[in-house]
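[1] 3D, please:
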Amino acid sequence: MLTPEVLWMNMSTKNYAELAEVLKALAHPVRLCIVRGLIEKGSCNVGHMQECLKTPQSTISQHLQKLRMAGLIRGTRNGLEVNYQVCDQRVVKLIGMLFSTRKEG
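    From the prediction side, this is the model:
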């Protein structure tokens, strides 16, 4: 039987490094907000994010680049605009846990 201890011991340094990169990419309030909004909305373009976050487009684009490079989001071109969506289900689960309002007792 695979206990949590056995699973923990079988993870390689590469696995830990990959998980650390995911956490680093999410470790900024604006990026957390972007990812949470994308999960809730499904997909969104920079213009809409700019309105919601009251942040300059260049700043949002820099944060989107970090999230893209980490493989957490992807963009789909639709004419002149790009719609972004979360493409890593681990991130969907993590954000769900972080922002859960459900009380556990």
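
[2] Residues touching stretch 53-67, excluding its own?
    25, 28, 30-31, 33-35, 46-47, 49-50, 73, 75, 84 (CB atoms under 8 Å, 6 or more residues apart in numbering). In this view, the C-beta of every residue, glycine as well, is placed from N, C-alpha and C.

[3] ok, and the most crowded of the residues you listed?
    Within the contacts of stretch 53-67, residue 34 tops the neighbour count with 27 neighbours, counted by other CB atoms under 10 Å.

[4] Spit out the contact partners of that one.
    Contacts of residue 34 (CB under 8 Å, 6+ apart): 49, 53, 60, 63, 64, 67.

[5] Could you list the low-confidence segments of this protein?
    1-10, 101-105 (pLDDT under 70).

[6] in what helix or strand does the spatially most central residue of it lie?
    The centre of the chain sits closest to residue 35, judged by CA atoms, centre = their mean, with a distance of 4.5 Å. Residue 35 is located in helix 29-41, with elements delineated by DSSP states H and E.

[7] before we move on, what about residue 23?
    helix 13-26.

[8] got the angle between that helix and helix 29-41?
    90 degrees (axes from the mean of the first three to the mean of the last three CA atoms, to 10 degrees).

[9] start the count at 27, not 1, going forward
    Okay, using 27 as the starting number, the last item reads as helix 39-52.
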